[in-house]
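Quick one, fold the following:
(5 chains)
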Amino acid sequence: MPITILAPKPTRQAHSHNGHNDDDAMSDSGSDSSGAGGDDDLDEMVSAAAAAGLKSQRDSKYEIVTPGEVITDDPQWMRGHGTYVNPATSAIISSVAGTVSRTNKLLSVRPLRARYTPEVGDLVVGRIVEVQAKRWRVDVGATQLASLPLSAINLPGGILRKRTETDELQIRTFFAEGDLLIAEVQQLFQDGGAVLHTRSLKYGKLRNGVFVAVSGMGGGGGVVRSRRQVWTMDAANGGGQIDVVLGVNGFVWISKHVETPEGLVEKAATTGITNLEESVSATMYSSQNDRIEVDTMREIARLRGVVIALVENGLRVDEDMLIRGYHEAVEMAMVSADGLDDLYLGGEKGEQLAAVLTGI
Amino acid sequence: MTVSAAPEAALSVLPRADGSAKYSHAGYTITASVNGPIEAQRRDEHPYEAHVDVVVRPAAGVGGTRERHLESVLQSSLTQIILVKNFPRALIQIVLQIESTPGNDYVNTKLFQASLNFSIMPALFQTAVLALLSAAVPMRATATASVVAVVSQDKEKKLIVDPSAREIEAAQSVHVLAFTSHDELLLAESEGDFSVKEWDDVYETAKKICCQPESQKAGIEMVPDDDNARGPDMRQFLRSTLEEKVAADLHWK
Amino acid sequence: MPLDTSAYSLALLRVDGRRWNELRRIHAQIRTQAAADGSSYLEMGHTKVMCVVNGPSEPGPRRGGVGGTSAAGSGGGGGQSKDAEVAVSVVVAGFSSVDRKRRGKNDKRILELQSTISSALGASLHTHLFPHSTISISLHVLSLDGSLLAALINAATLACVDAGIPMTDYVAACTAGSTSTYAANDESADPLLDLNHQEEQELPGLTVATLGDSDRVAVLVCESRVQVGRLEGMLAVGVDGCKQVRGIIDRVVRDKGRRMLQEGTVEKGVGLEDMDLD
Amino acid sequence: MPREAEPSLNERQFVLQALQENLRLDSREADRYRPLEVTFGDEYGVAKVSLGKTRVLAKASAEVTVPYADRPLDGVFQIATELSPMASPSFEVNRPTETEVLLSRLLEKTVRRSGALDTESLCLVAGQKCWSVRVDVHVLSHDGNVIDASCFAVVAALRHFRKPDTSIEGGILTVYTPAEREPVPLGWLHSPFCVTWSYFGEEGEMALLDATRAEEQVRVGSCTISLNRHGEICQIAKLGGTPVEAVILLQCTAIALTKVKEFSAYLDKKLAEDIKRRDAGGRSAELTAENDR
Amino acid sequence: MEVDQQHPLVLPGDTIDPSLIPTHKKQPLRLGPGLRHIPPNAIIPTVAGQLIADHKKNSMWVEYNGGRYIPSPNDLVIGQIVRSAADLYYVNLTPYTSSATLPQLAFEGATKKTRPILAPGALIYARVTLANRHMDAELECVSGSTGKAEGLGPLTGGMAFDVSLGLARRLLMARSREEGGVEVLELLGGEGLAFETAVGRNGRVWVGSESTKTVIAVGRALRETDEGDLGVEQQRKLVKRLIREMR
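Residues are numbered from 1 along each chain as shown, chains lettered A, B, ... in the order given. Below is the predicted model:
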């Protein structure tokens, strides 16, 4: 740009941001994080690098890329998610703030945080937001609503039952607006929209419990894809058994354990198949909660508190963390003045919990 | 500022509307646009007929109750002559933009004059009909309108066609009448003090203006006529305006 | 109250002691609201704004109820909601300035701000990746001391980065002014960077937002009378200021990212050196 | 209110393809306006502007009111823009669209805030009585570039307008009717005009003046520059859209200035013609006609 | 045009001179646009225009120009895809009106697997198959009898221009030069411009060509002919001028 600035007579002072860098770093973190001391030097390097085209800066293993940063202009790489290509220079440029990841020749950037991106096979918890003629529209925390076709659910009366027009007419008797469900991503549309199915006795409508939404993918805590997303655990203090569903999309469901249909299947082996279908049909799409003991409710609430505390303190939510956190929370409640009824895990208590969990 | 100056009209003056007309008469200049049949909004949708939407916009200031009143009168009478049953669920949108109103050099008026309601109605009505014809919206019949004031002068009642603002102020009653081309009375709005006899006179006068039988027209033009109760022959005016338009449209024939 | 410019001609210092090319202190944070998809808090001097971003997400069956504006110039969208809509709402708190003026929701200035922010970010955000969805950006002005539009744009950019919404580059903004009055075609007038409220009232100025490190201008708003000859100088200073602002907000994001890496909440990436050919 | 019609993919592609070959659908050059024409009505203060198929009517009017408490020495001046369904069925009465808000803001900044009208001259009795001048902008037909056409119409209407003459004697305000005293023009300080550039292409590298509606629908951004013939910028508005090189914006401003000078000269000429016309057969003849009555 | 006795100007609601109504022993009387029949035997115009009676075909109609297109069966139209549903496309014929429908299988050789995929905004050339006041119009892009496209289907590239309904009708006449008085397209072709056109009764003309300049020239020729009410002689001059400008 042929614009030149004529500086006023006194010589221009080298403009520096040093004056407020410390400030930034301090108030940003809100805690006296150990890295703060070294930040300043690093900052200068970053801005120097910014001027030089941002390329030489990835030596620090704690460095991220930010939008507009050229990751590479080497044409051998292919661009993946979180990147775009400048048509003029064919350089691969990051479009999000995050870390670079590589699969063979595919470069992509994992954002520090983003909404859930569905992938085939993901186990998700969702909420029905709209009922259409032949399908439901489900909020799974993604950028678009997922769809659950009527043909992709188990109908009461057996897996082999044929779908009829009557089912279409009474589509609301299966799922209505606001209902929660657990489902699997079956396929993806071109534009990224997900199609769900519940054609397994593991999936279907959720009841007898409580829903927690934690931020979707990436940092700041949240559910991570892991070996097991669903399990049943024994609650302390006479709480009986509790089911936990960690939807990959960051939606969590904690509920009282009821005999699963799978459990029934085993029993059914002896009693005959028809019996099973009846018992499944009866409860499959019920929106009525079973009776839940106070002890169970309390422990469900405690688990929910643990999930929230993990997220607030930027920890990942998975089976191991949650179970350890739960036991810790039970211990903490034991020594508390309010005893077992002390369910509050926010603020300092949450930090305390997190410290114990990360300290090991 | 001759009050009963001959009306002037031009059709299809707006390039992007389905139909439009500009009409000047008695100091009023009005431009109208017609769009339709187009998709009606859900709240205006009627299952068996088209909704006729009339918007009247003043030259200066925001529309108020006066405009809403004009809109409702025009809407109900125009709905009568448009074949609304031809377009169920549709909308026929008529926008009437007032460009100028007769000035009065002797009064510094406020921006809005309530008493002007009556004198402007025929002009609005006529512009709307012309714009509908320009948009080729199917109609049962055409229509023409006129405004007549009754003033008492030397203990005698006198009728004034297309009265000026001052005359309206002085008038005992003011009447707006519109007739279809089948000579049916389509619209009659009256204001003020009047007897049935007076109204009958008004009716006859207005009918003469609006429904001049065509066979007579040659003869009448010959008669010099300074009687104030005679207005322009509206029906003939409408026809000659349309003749020009059709001739231009079908120039290739 | 006329601005006392006598000090400037003597010491070349502005009313708040800055030199012509100095930005005010910029302080920013991201991830300030746990519940939102993205959030930020930004101060440019005494102008303080916070921003919350939700989405991209698809609105439910009640469509069209969003009180925002769609991305008007967001690059050739087919319009049939092929691209995500960027809905912006700006609320200026009553206590943000001295006169405590109530600004209604339908204040045309606010609507214009909303439309500008929506259109400026819409052109950088990769809205084509999210058909049928809406990115809703809520901005709250807590304190007002000039350069409002610039602060809003910067805060919105930061919050969108925090929400992980892909974009071409940061949209960074700042203001520039001139010590000349409009009538005087004062060749010796100095351009000024980053106007505060007082300067904004008295001197000609403009708001510039640029895309990334380029000289490409996304927003250019000038609301005061000024000689055409002053434009080039002000624009040059403004564009340069935008680059400085970009550097500052980029550092905010990097700091946060580094901290998250250190805390282990996100997986580490691969460096270029690991990326040698297999 | 039906939704605004979108251009088809074919039209979109074609308009852009043609622009890449430096062609416009109406074979205009990039920096050429469509024929601009202004006509004045018989009344003072009515200006009708046609720009290609775009038509705008502006009407100025004035009445005596009480000044705002915080500005006792200033008159009231407002510009009202309401887009009616006449311009396009997608506009609804009483529901301002984005187009309307932006148009209204641009006129406000260009004409009102730039001090084109001397509002102090509207004051009659400080703190008690002042003129309230109002311009109503009516878009009759919308075929693109409503902003430039509206701005021209507003300036033309205001410069053409005459407000009744007044006098104050012994603290009593007299407003004369046109019959008593010839109305007087407004205190006018400078004439600003809007010039709107539309940008096309991936990086907004193609710039056009006076875009038609079809062009506006495919543009990636626009910039409205308001100037007067003295080379004073009154406002610049590039409200988002695809970023454009700063240098291009400077070039656009320079060209805009030449256009504004043309507008200014054209309006001066038209106003002079109108005054002549009124002198010839208008005012004097009208007066005698009135005397006859 | 002379408003003669045979082809009088009619306004809505006018009575038609019975001598003008064609009488035919065998064929029933057919009423074209702008007329309505009020039982038992009144025929009333509904629009302003010229009344035309064709005694041979025993039909009569009102010739007029202007207004908005109202779908009528067998009309050829240019539509714009609005969106697609499970098995049909919603197509806009004129702006701000409710959409017509086009079954996704109503294309030449279309099957569930091979139907064309049209994005919103794509243009198609189609025939109206069903139009009545209570339903949205229905379209097809294939001849029901032959199963062939016969020129119908998606229109790729090119440009669509808006013209008046009258000009569209004249362009669609079998002998548009003799009967309709439009010759611009032939003249432009005669000057060596290579282009193809599709005329929609709904007032849209699609012009396709390798050369952008040609498309623009054809578009301008159509628009100026339409807006200027140009006669054949003036059209010749216009074409000459446009050709000169192109060089």
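
From now on I want contacts and neighbour counts done on CA atoms only, so please keep to that.
Noted.

For the residue most central in space within chain E, which residues are in contact?
Centroid-nearest residue in chain E, with CA atoms, centre = their mean: residue E:201, separated by 1.5 Å. By CA atoms under 8 Å, 6 or more residues apart in numbering or on different chains, the contact set of residue E:201 is E:69, E:75-78, E:165, E:168-169, E:172.

Are we agreed that residue C:164 is in a helix?
No: counting by DSSP: H, G, I helix; E, B strand; the rest coil, residue C:164 falls outside a helix, being coil.

surely it meets residue A:109?
No: look at residue C:164 against residue A:109 with CA atoms under 8 Å: they stay out of range, at 10.4 Å.

Mutual contacts of those two, please.
Going by CA under 8 Å, 6+ apart, residues that sit against residue C:164 and also against residue A:109 are A:96-97.

one step back: per-residue pLDDT of the residue nearest to the centre of chain E, please?
Listed pLDDT for residue E:201 reads 95.

Need the nearest residue in space to the residue in the stretch 1-150 of chain D that chain E sits nearest to, chain neighbours excluded.
Closest residue of the stretch 1-150 of chain D to chain E, CA to the nearest CA: residue D:8 (4.4 Å). In this structure, residue D:8 finds its nearest non-sequential neighbour in residue E:121, 4.4 Å apart by CA to CA, 6 or more residues apart in numbering or on different chains.

you'd agree that neighbour is in a strand?
No: judged by three-state DSSP, residue E:121 forms no part of a strand; its state is coil.

From residue D:219, how far out is it?
Distance, residue E:121 to residue D:219, using CA to CA, to the nearest Å: 16 Å.

Give me the more crowded residue out of those two.
With neighbours defined as other CA atoms under 10 Å in any protein chain shown, residue E:121 and residue D:219 compare such that residue D:219 has more, 28 against 23.

Is there proximity between stretch D:104-121 and chain B?
No: Stretch D:104-121 does not reach chain B (CA under 8 Å from any CA of the partner chain); its nearest approach is 14.8 Å.

contacts for that stretch?
For stretch D:104-121, contacts defined as CA under 8 Å, 6+ apart pick out C:108-109, C:112, C:223-225, D:73-81, D:147, D:150-151, D:155, D:186-194, D:226, D:234-235, D:237.

Return the members of those residues classed as buried.
Among these, those buried by neighbour count (16 or more other CA atoms under 10 Å in any protein chain shown) are C:108-109, C:112, C:223-225, D:73-77, D:79-81, D:147, D:150-151, D:155, D:186, D:190-194, D:226, D:234-235, D:237.

returning to that earlier point: among the contacts of residue E:201, which one lies nearest to residue C:214?
residue E:78 (43.9 Å; CA to CA).

Surely the closest one is in contact with residue E:121?
No: the pair residue E:78 / residue E:121 is not scored as a contact, 11.9 Å apart, by CA under 8 Å.

Check residue 73 and give its pLDDT.
Since no chain was named, I'll use chain A. Residue-level pLDDT assigned to residue A:73 equals 87.

my question was about chain B
94.

what does the helix or strand containing it rub up against?
Secondary-structure assignment from DSSP states H and E places residue B:73 in helix B:65-81. Defining contact as CA under 8 Å, 6+ apart, one finds that helix B:65-81 is touched by B:52-58, B:114, B:117, B:121, B:125, B:129, B:139-143, B:180, B:186-187.

among these, which ones are buried?
B:52-58, B:121, B:125, B:129, B:139-143, B:180, B:186-187.

Let's see which of those residues end up in helices.
Residues of those located in helices (DSSP state H): B:121, B:125, B:129.

Helices of chain A, residue ranges please.
Ranges of helices in chain A, per DSSP H, are A:18-29, A:39-51, A:165-169, A:261-271, A:273-284, A:294-312, A:319-335, A:347-359.

now the stretch 51-200 of chain C
C:108-124, C:148-162, C:197-202 (DSSP state H, counting those that start in this stretch).

which residues touch the second one?
It refers to helix C:148-162. A:67, A:96-97, A:112-114, C:30-31, C:37-44, C:47-53, C:113, C:117, C:121, C:137, C:139, C:167, C:170-175, C:207-209, C:249, C:253.

averaged over its residues, what pLDDT does that helix have?
On average, helix C:148-162 scores 96.

And for stretch E:118-130?
94.

Check stretch E:224-236 too.
92.

can you check stretch D:180-190 too?
Mean predicted lDDT for stretch D:180-190 stands at 92.

Check stretch C:233-246 too.
Across stretch C:233-246, the per-residue pLDDT values average to 95.

right, is stretch D:201-215 up against chain A?
No: figure legend: stretch D:201-215 not in contact with chain A (CA under 8 Å from any CA); closest approach 10.2 Å.

mind checking the end-to-end distance for that stretch?
OK, stretch D:201-215 end separation, CA to CA: 12 Å.

In contact with residue B:36: list those residues for me.
B:18, B:90-93, B:135, B:137, E:67-68.

okay, it: pLDDT?
pLDDT, read off for residue B:36, is 84.

rewinding a little: what's the most buried one of the helices of the stretch 51-200 of chain C?
helix C:148-162 (a mean of 29; mean count of other CA atoms under 10 Å in any protein chain shown).

and that one, how far from the chain's centre?
The chain centre lies 4 Å from the centre of helix C:148-162; the measure is CA atoms, centre = their mean, to the nearest Å.

Okay, now the sheet partners of the helix or strand harbouring residue C:39, with direction.
Element membership for residue C:39 (DSSP H and E) is strand C:38-44. Applying DSSP bridges to the sheet, strand C:38-44 is found paired with strand C:26-30 (antiparallel), strand C:47-57 (antiparallel).
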